[in-house]
Structure formats: C-alpha cells, structure tokens
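**Student:** Pasted the sequence and its predicted model underneath.
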Amino acid sequence: MENPRSARRQRAPDPIAREILLAFWKVHILHHAEQGPVYGQWVLGELRRHGFEVSPGTVYPLLARMAEHGWLRPDARRRSASPKARRSYVLTQEGARTLQRLREQVVELHREVIVEAGTTGGHGRSNSATNRR
Ligand SMILES: [Zn+2]
C-alpha cells in the first residue's frame with residue numbers, strides 16, 4: 001500500500017531548488033496581485049497550475065512575509081467575511097515598484113540564461129543544433 005504522503009512529497013523540489021524557487025513564487029504572487037486581490041488557496045492552485053507543488057505551510061507564511069515587507073497589504077474589504085478561510089491581499093505601491101524592478105531583472109535574466117545560452121526550454125522550438133557549434 002502506497003503512503004499518500006510520500007507520493008505527494010515526490011514532487012517536492014530539493015532544498016536547493018526550493019531556496020531559489022521561493023523567489024520565483026514571490027514574483028508570481030506580485031504579478032497576480034497587480035491584477036487583483038490574492039489569497040492563500042488561490043495562490044496554491046495557481047502555483048500548481050505552473051507545475052509547483054507548494055504546501056499551505058509555505059504559501060501562508062510567504063504571503064505574511066510579503067506583507068511585512070510592505071509589498072502586499074490585507075484587503076480591508078474582505079476582512080469582515082471569513083478571516084480564517086480567506087485572508088486576501090492587495091498589491092501596495094511599494095509592491096508595484098518592486099514588481100517593476102523585478103520585471104526588468106527577469107528580462108535581463110531571460111536574455112542571459114535562455115537567449116544567449118541558446119536554451120529555449122526544450123519545447124521543440126530549440127535551435128540548439130545551430131547554437132552548439
Ligand atoms: Zn501565475
């Protein structure tokens with residue numbers, strides 16, 4: 001009989017990858033918070049859609065830390081509803097500035113590690129045959 005917990009853990013990234021992915025997740029969260037309020041359950045689903053198996057124990061503290069940094073703040077309109085089930089956050093001005101800086105850095109990072117390296121992510125659009133020479 002297979003242990004469902006160990007099955008779930010199979011996809012958990014190794015600690016080193018996780019250390020780096022944490023930063024990616026924060027960029028995702030800022031990006032989506034720019035479009036509208038975000039909350040823990042939604043973030044979990046969205047990261048899963050992107051292929052990240054992230055636990056609530058990671059996402060909730062992450063949102064709280066982002067609020068401490070002043071990038072997000074609790075959405076006042078939602079506070080009265082069910083605070084436990086759905087604490088949503090909105091992007092602050094500081095968060096918007098941070099996101100803008102990160103976008104520039106993502107472009108720069110993409111240019112160097114993908115474009116200049118001749119890597120297209122292995123989705124069949126690779127021209128690595130010509131780039132390898
Ligand atoms: Zn996303």
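**Tutor:** Now that the structure is in, tell me what you want to look at.
**Student:** Enumerate every residue touching R97.
**Tutor:** Neighbour list for R97: empty [criterion: C-beta atoms under 8 Å, 6 or more residues apart in numbering]. The way it works is simple: take the backbone N, C-alpha and C, and place the C-beta from them, glycine included.
**Student:** how about 10 Å then?
**Tutor:** By C-beta atoms under 10 Å, 6 or more residues apart in numbering, the contact set of R97 is W71.
**Student:** Which strands or helices does the longest helix seen in the chain pack on?
**Tutor:** In the chain, assigned by DSSP state H, the helix with the most residues is helix 15-35. Counting contacts by 3 or more C-beta pairs under 10 Å, 6 or more residues apart in numbering; DSSP states H and E, helix 15-35 packs against strand 38-39, helix 40-49, helix 56-68, strand 72-74, strand 88-91, helix 93-110.
**Student:** Could you double-check that Y39 lies in contact with P56?
**Tutor:** No: between Y39 and P56 there is no contact under C-beta atoms under 10 Å: 11.3 Å.
**Student:** out of those two, which sits in the busier spot?
**Tutor:** Set side by side, Y39 and P56 show more neighbours around Y39, with 18 against 11, by other C-beta atoms under 10 Å.
**Student:** Look up how far the ion lies from the more buried one.
**Tutor:** 14 Å (C-beta to the ion, to the nearest Å).
**Student:** neighbours around the closest residue to that residue other than its chain neighbours, how many?
**Tutor:** In space, and not counting its chain neighbours, Y39 is closest to S88: 4.0 Å by C-beta to C-beta, 6 or more residues apart in numbering. S88 has 21 neighbours, counted by other C-beta under 10 Å.
**Student:** In contact with S88, which residues are there?
**Tutor:** Here S88 is in contact with 33, 36-42, 63, 72, 74-79, 81 (C-beta under 10 Å, 6+ apart).
**Student:** Filter the residues you listed down to the buried ones, ChimeraX style.
**Tutor:** With 16 or more other C-beta atoms under 10 Å as the criterion, this ChimeraX line picks the buried residues out of those:
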select :33,37,38,39,40,63,72,74,75,78
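**Student:** centroid residue for this protein?
**Tutor:** Geometric centre of the chain, nearest residue: W25, 1.9 Å, by C-alpha atoms, centre = their mean.
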